[in-house]
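1. Fold the following for me, if possible:
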Amino acid sequence: MPPSAPPSAADRPDAPAAPTLAPRRAGSAAAGSATVILTVCGVLAALAGVVLFCFDPRHYHFYPVCFFHRTTGLLCPGCGALRATHQLLHGHLAAAFRFNPVLVVSLPLLCWLGARFVRQALRQQPLSLGLRPAWLWLILAAVLVVSVLRNLPGEPFAWLRP
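-> Have a look, this model is predicted:
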């Protein structure tokens, strides 16, 4: 008869339970990845801001071009946004407004939406804009009206062109 192995600690009733790893919360991995993503986005935005601060889009041509304007000759709602952002980074609000009035007027809303997004991501809440559909339609209509007006010929609409 072969010798039997001594009883293991798990077989003895008086032995303490083996330590187990506590189950990880399902949201902890998502929170960690959201924090990493927000950090990377923040670093990239800061780097882009430094480049835009140092290099004026009117004088340096390594910035992306507007394909809509290049193809159609019309100004899109975003035309002039890089130049406006450059002026905003230098503290020239009036010059920024001349390049893209829609961007300058929408900055408070964009900052509020960005802060709301970050807060929701860090609290592991479902992401939502928090705007009613009527407000979204109103914003879209305003952007389209300004886009049409800035492409009309004549002096009354010249202030909307970059």
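2. which stretch of helix or strand covers Ala95?
-> Secondary structure from DSSP states H and E places Ala95 in helix 93-99.
3. pLDDT on that helix, on average?
-> Helix 93-99 shows an average pLDDT of 93 in the prediction.
4. tally of neighbours for Arg119?
-> Arg119 has 10 neighbours, counted by other C-beta atoms under 10 Å. Using the backbone N, CA and C atoms, a C-beta is placed for each residue, glycine as well.
5. Repeat that for the one 3 residues further on.
-> Summarising burial for Leu122: neighbours were counted as other C-beta under 10 Å, giving 12.
6. Tell me if I'm right that it and Val36 touch.
-> No. At 11.9 Å, Leu122 does not count as touching Val36 under the criterion of C-beta atoms under 8 Å.
7. Tell me, what's the model's pLDDT at Gly130?
-> 78.
8. Ok, Pro19 next?
-> pLDDT for Pro19: 49.
9. ok, now Ala29?
-> On pLDDT, Ala29 comes in at 63.
10. Backbone dihedrals for Cys79, please?
-> phi -60, psi 130 (degrees, to the nearest 10).
11. Kindly apply the preceding question to Phe117 instead.
-> Dihedral pair for Phe117: phi -60, psi -50, per degrees, to the nearest 10.
12. Skip the chain neighbours and tell me the closest residue to it.
-> In space, not counting the residues next to it along the chain, Phe117 is nearest to Leu127; the distance is 6.4 Å by C-beta to C-beta, 6 or more residues apart in numbering.
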